[in-house]
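Undergrad: okay, structure incoming, though there's no sequence with it:
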């Protein structure tokens, strides 16, 4: 698709303030008109939608210059590890010609006036904020040069701004901090600016380490549970044995309230909350509670019953065409999107006001929901966005913040509320179980049609993205469909010349706590597609790589695929039981390809690992990405690396098992996310030269192609196409923990055992 | 309440706490030392990994009563001082390789890495891929390859 000609001239503001504060003015971009087509993402994709939704309020986001020479910016997005504070600081450093370490990026409190411009998702942050942030910084630069011209005499054109100092031709300089007040305005002034041309970039595009790395490695980086909020003592909730069960009665609340360190015991909507001097005493109190529980929302359900519901909800693939076809059906089990930092929040609710601290990707919706729950006006609820210890979709929701607010209100004291890992895994949100059916019709060397029917347990999108879609619905070329289907249509591209395309989502069963996981529908949808593409290539007598290369729709996609095939030595001879797999995925204005080598030989798959799953080992990954303009190639590589580890886990090891209305997994040694013993010893990430003036999204991009390539490699190594994911789901590799009490005891043998790594 | 005396990051501390409160909560909730993180509470995820007298431990599984007055607990906050530098070589390696993503597991990862390298060195053999495979610390961001590369660099400078 041709890129629009970049427009470099923009309008911004100097905002009325005692020191220099600037913002961007960007017009609302018209969304393209058009009827619904099979390849709707050619004219509009999910990122266009999110970017358009954010634009009208981008002028409310401002860059400030402080008298100490610091440039400050409160980013209205969440930092959960994806590196947006670093890339944002780089944009400002570039336009304002200040050293990166002088740019201070913080996370903005919830700001309802930003409407749709404070939701972190869809890998959209850099796509949506790339221009507005640079415009605001460019206005600041221009204003500083004008103020310096007044001070030094002469014209702004005779001055240069470098490394935070404005210098004239005679060499006299003024640090920008000294100009912060002089460059300020008592009224808001519109200013036209031009952005730095790409050829002049010295910061954008340069591999840069994270700005918070030193804090991370010294233990100084503060997450929600590390904050010192006066009076906020640890709190935990005793949760039901089945999903969303409710408290019937509590037999021994007074007895538990008298336990050492315990200050409060109170029934809340999700269970029985306890507050104590330490989390350890919370654990003991939760375990001591004797509660009668009422049924939950998924009572009696299991993997097998959900599979039957999915089968009943499947939309037919349609009449089988008279031509040859390849087709298949794939099952993807429930997965946990839990991060290493469990659900947690601090809440201080007082009469008439509330203050909340939590890592939130949808803080505006959180603020509104918390206000409604507490019976307060939204303006009386302050929501601080803290640095997040991972998200993977989980932090789009605010379950712990809502619960902490309820607990704090009920007991009248501040709380630091955290979910136990067992709760996070069993009662936390899960990526829905799904099936995907694919049929490809072909004749001779031509592919005639591609049909995919994805059927999923309902995905909860009530975190704000659904609201964006609803608000923009009248401007969307998709007709009157629900927002899950809209999301599905706008996020799924067809990258191959496969004739007539039809892809549909159907959903069923809202009894689970769901949420999208990193890359949402794409890992499953792409994995199903790429496995069938391998079947199609075989049916046509073609090599899987050459087939893909021949059918990809554009040069950019082919370049990514060719890159991994060349660097990975596609087709090299390998021993029996080992094989290569190759796959392609495009999304977020980016293209990606993965070449994977896997070892499925028994000696490898059955190697002993204590309390873990070994299984086939991915021995090598070569991954190529063209993300458009890569703001920070080092950060981009990090995101690809994480996505690859997710793809390996989704294909081979990580899933939740549903039985009797609850998930069996209650520990990181039950839920088998990729561990060191599963990590590919040989990993190469190729950042392709940029083909665009605009950045694409990176946070979720790598998962789909990686999962698909691992699945394809597994199929080729074993001679059998896998149809159920992860491939080890049928083997329960741990002993499930009890559900009553809901959390395990804290071990006491830390000194008895010698150090076990 | 019983008093417990031990050393943390070079200083003698005394805390009032019931005997069975685990060291992780004594550090985090009573002493305000928040580098060691909670990730599971049952010595599985290793996010709280710290050192006791130079060896790796998971504080979530040690009742405070088990500590003696001469015991030296080192958390990530005190690691650099054990090398007498601004940063321990392993922390510097972590910066050089830009390892951290969200950073939540990283204090535990670094402390586990140092403990592993010390143990392997004490056994008088070189660090192998198989040694790195034995590390159990969960990194949900999946920065495992950079962790492996950083451990090799850090080990070379320890």
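TA: Noted; the coordinates are in hand. Computed from a prediction, not measured in an experiment: that's the story for all the values here.

Undergrad: only C-alpha atoms from now on, for both contacts and neighbour counts.
TA: Noted.

Undergrad: excluding chain neighbours, what is closest to whichever residue of chain B sits closest to chain A?
TA: Here chain B gets closest to chain A at one residue, residue B:102, 3.4 Å apart by Cα to the nearest Cα. Nearest residue to residue B:102, sequence neighbours excluded (Cα to Cα, 6 or more residues apart in numbering or on different chains): residue A:81, at 3.4 Å.

Undergrad: what's the burial count for that neighbour?
TA: By other Cα atoms under 10 Å in any protein chain shown, the residues close to residue A:81 number 25.

Undergrad: could you do residue A:374 as well?
TA: Neighbour tally, residue A:374, other Cα under 10 Å: 22.

Undergrad: the one 5 residues further on now?
TA: A total of 13 residues lie near residue A:379 under the criterion other Cα under 10 Å.

Undergrad: neighbours of the residue of chain B closest to chain A, how many?
TA: Residue B:102 has 29 neighbours, counted by other Cα under 10 Å.

Undergrad: can I assume it is in contact with residue A:84?
TA: No - counting by Cα atoms under 8 Å, residue B:102 stays clear of residue A:84, with 10.9 Å between them.

Undergrad: give me the helices and strands touching the top helix by length along chain B, please.
TA: Of all the elements of type helix in chain B, the one with the most residues (DSSP state H) is helix B:106-122. Here helix B:106-122 touches helix A:213-218, strand B:50-52, strand B:55-57, helix B:76-82, helix B:89-96, helix B:144-156, going by 3 or more Cα pairs under 8 Å, 6 or more residues apart in numbering or on different chains; DSSP states H and E.

Undergrad: who's in contact with the last one?
TA: The contact list for helix B:144-156 (Cα atoms under 8 Å, 6 or more residues apart in numbering or on different chains) reads A:641, A:675-676, A:679-681, A:683, B:89-94, B:96-99, B:109, B:113-114, B:117, B:127, B:132.

Undergrad: tell me the phi and psi of whichever residue of the stretch 451-600 of chain A sits closest to chain B?
TA: Residue nearest to chain B within the stretch 451-600 of chain A (Cα to the nearest Cα): residue A:518, separated by 10.9 Å. Dihedral angles of residue A:518 (phi, psi; degrees, to the nearest 10) stand at phi -20, psi 120.

Undergrad: re earlier: which SSE is the residue of chain B closest to chain A in?
TA: Here residue B:102 sits in a region with no helix or strand, counting by DSSP states H and E.

Undergrad: residues in contact with it?
TA: A:79, A:80, A:81, A:82, A:388, A:389, A:390, B:141.

Undergrad: once you drop chain neighbours, what's closest to the last one?
TA: In space, not counting the residues next to it along the chain, residue B:141 is nearest to residue A:642; the distance is 5.3 Å by Cα to Cα, 6+ apart.

Undergrad: count the neighbours of that neighbour for me.
TA: The number of residues near residue A:642, taken as other Cα under 10 Å, comes to 24.

Undergrad: tell me the helix or strand right after the strand or helix carrying it.
TA: In the assignment (DSSP H and E), residue A:642 maps to helix A:633-652. For helix A:633-652, the succeeding helix or strand toward the C-terminus, using DSSP H and E, is strand A:658-659.

Undergrad: so what strands line up beside that next one?
TA: Partner strands and pairing direction for strand A:658-659 (DSSP bridges) are strand A:662-663 (antiparallel).

Undergrad: what's the next secondary structure element after the partner strand?
TA: Moving toward the C-terminus from strand A:662-663, the next helix or strand (DSSP H and E) is strand A:682-687.

Undergrad: that following strand and chain B in contact?
TA: Yes - contact of strand A:682-687 with chain B (Cα under 8 Å from any Cα of the partner chain) involves residue A:683.

Undergrad: toward the C-terminus, what is the element adjacent to that strand?
TA: Moving toward the C-terminus from strand A:682-687, the next helix or strand (DSSP H and E) is helix A:702-718.

Undergrad: does that following helix reach chain B?
TA: No - between helix A:702-718 and chain B, judged by Cα under 8 Å from any Cα, nothing touches; the nearest distance is 11.4 Å.

Undergrad: show the pLDDT at residue 7.
TA: In the absence of a named chain, chain A is used. The per-residue pLDDT reported for residue A:7 equals 44.

Undergrad: let's do chain B instead
TA: Note on residue B:7: pLDDT of 98.

Undergrad: count residues in the vicinity of the closest residue in space to it that isn't next to it in sequence, would you?
TA: In space, and not counting its chain neighbours, residue B:7 is closest to residue B:72: 4.7 Å by Cα to Cα, 6+ apart. Residues near residue B:72, counting by other Cα under 10 Å, number 19.

Undergrad: looking at residue B:72 now. What's its pLDDT?
TA: Residue B:72 carries a pLDDT value of 98.
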